[in-house]
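[1] Have a look at this fold, sequence not included:
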Ligand SMILES: NC(=O)c1ccc[n+]([C@@H]2O[C@H](COP(=O)([O-])OP(=O)(O)OC[C@H]3O[C@@H](n4cnc5c(N)ncnc54)[C@H](O)[C@@H]3O)[C@@H](O)[C@H]2O)c1
């Protein structure tokens, strides 16, 4: 029996695969290695984070393409799915909404159909804190309304949750949606603030600071997220008709995976400067469309049900990222 991981060459997918292999699971990983950011980084994650492993098989395939997905699975029996593949990034969704419709809407449907056909024991899928939009009340809880997305990316993540709910209702499929809050750390994504700050500070270039750096984010370290994904995978929602986090009475739960510690962007910048040993030059810019002012996760339900316990503060995680970045980028 294998676990299917989609987006396995991604920032979160690669270390999740590694952790599952480390505990003796068999993993089939799928990724289409698209060029949203450098493919070399995705290949390097496959080689270095996962590495060659007898219990790991990688297939380069588009999960929105049903035939390609069926072919990727031929000869493998899967009993659980960790669906992390998606077109990510808030800002890119303003320029290229169709990429999001393809991977996040059509692709999500194909994964739901796959889960139904294979009658999997559990489908864990990635949602996002962006579903909350610019909420009036913090911290954000899974029961808050999420009907006012600020970006098309957020709209597709909200759609993922309601599509999953319909499959939970129709077919009793056990599913857990995880709303990740600004994940950062080694092997991260070049389109995210921390990488862009690191790249520019080492090049002696000014850092773009939107909204005076006053936006707050509940930054969550990659190791904590990996532990949360695996804890969720091991605990499919019960078939008991009880109300689950997020409000479903079917086998479908929604959890925030954050750090419960919102930090201003300007603190992130200061930590990058200290870790890099350089004084940041700041380029103040207005707030960008699609951006929310603040995120802060209520992680009470994840602590209670999953034993999720994020342990990495920003002043530990940022130097760990910068150390890794120096080696990777050769700076
Ligand atoms: N990193 C964060 O801060 C964050 C926050 C909230 C939600 N998320 C969600 O978590 C998940 C993982 O994010 P990540 O940061 O690892 O992103 P990532 O872009 O590094 O990884 C996603 C992977 O999916 C692959 N992919 C995209 N479309 C595909 C398709 N149609 N077929 C096959 N592979 C495809 C990409 O090539 C990529 O390697 C995504 O669903 C993302 O939306 C991430």
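    Cool, the structure landed. Keep in mind that what you see is a predicted model, and the values were worked out from it rather than measured. Numbers count the residues shown, from 1 in each chain.

[2] Now do the same for the most far-flung residue of the chain relative to its centre: its pLDDT.
    Within the chain, the residue lying farthest from the chain centre (Cα atoms, centre = their mean) is residue 279, at 30.7 Å. According to the prediction, residue 279 has pLDDT 96.

[3] So it versus residue 261, what's the distance?
    26 Å (Cβ to Cβ, to the nearest Å). Backbone N, C-alpha and C define where each C-beta goes, glycine included.

[4] related to what we said a few turns ago, regarding the residue farthest from the centre of the chain, what is its secondary structure?
    With DSSP: H, G, I helix; E, B strand; the rest coil as the basis, the three-state label of residue 279 is coil.

[5] thinking it is in contact with residue 273, fair?
    Yes: judged on Cβ atoms under 8 Å, residue 279 makes contact with residue 273 at a distance of 6.1 Å.

[6] I'd like the mean pLDDT over the helix or strand containing residue 42, please.
    Using DSSP states H and E, residue 42 sits in helix 39-44. Computed over helix 39-44, the mean pLDDT rounds to 98.

[7] Pull the residues that contact the following helix or strand past that helix.
    Going down the chain from helix 39-44, the next helix or strand is strand 56-60, by DSSP H and E. With Cβ atoms under 8 Å, 6 or more residues apart in numbering as the test, strand 56-60 has contacts from 2, 8-9, 17, 21, 26-33, 46, 50, 72, 76.

[8] How about the residues of the chain by the ligand?
    7, 9-13, 30-34, 42, 62-64, 84-88, 103, 107, 126, 128, 180, 182-183, 189 (Cβ under 6 Å from any ligand atom).

[9] and stretch 290-307, average pLDDT?
    95.

[10] gap between it and the chain center?
    Remark: stretch 290-307 is offset 13 Å from the chain centroid, using Cα atoms, centre = their mean, to the nearest Å.

[11] Strands of the stretch 51-200 of the chain, start to end?
    For the stretch 51-200 of the chain, applying DSSP state E, counting those that start in this stretch gives strands covering 56-60, 78-83, 122-128, 175-180, 183-184.

[12] Tally up the residues packed near residue 297, please.
    28 (other Cβ atoms under 10 Å).

[13] Now restrict the residues of the chain next to the ligand to buried residues only.
    7, 9-13, 30-33, 42, 62-64, 84-88, 103, 107, 126, 128, 180, 182-183, 189 (16 or more other Cβ atoms under 10 Å).

[14] Apart from its chain neighbours, what residue comes closest to residue 106?
    residue 64 (4.4 Å; Cβ to Cβ, 6 or more residues apart in numbering).

[15] Hmm, that neighbour is touching residue 101, no?
    No: in this structure, residue 64 is not within contact of residue 101 by Cβ under 8 Å, at 9.4 Å.

[16] residue of the chain with the smallest distance to the ligand?
    residue 10 (2.1 Å; Cβ to the nearest ligand atom).

[17] and that residue, what helix or strand is that in?
    Using DSSP H and E, no helix or strand contains residue 10.

[18] OK, contacts around the residue nearest to residue 106?
    102-103, 106-107, 110.

[19] returning to that earlier point: shared neighbours, residue 64 and residue 101?
    Common neighbours of residue 64 and residue 101 (Cβ under 8 Å, 6+ apart) do not exist.
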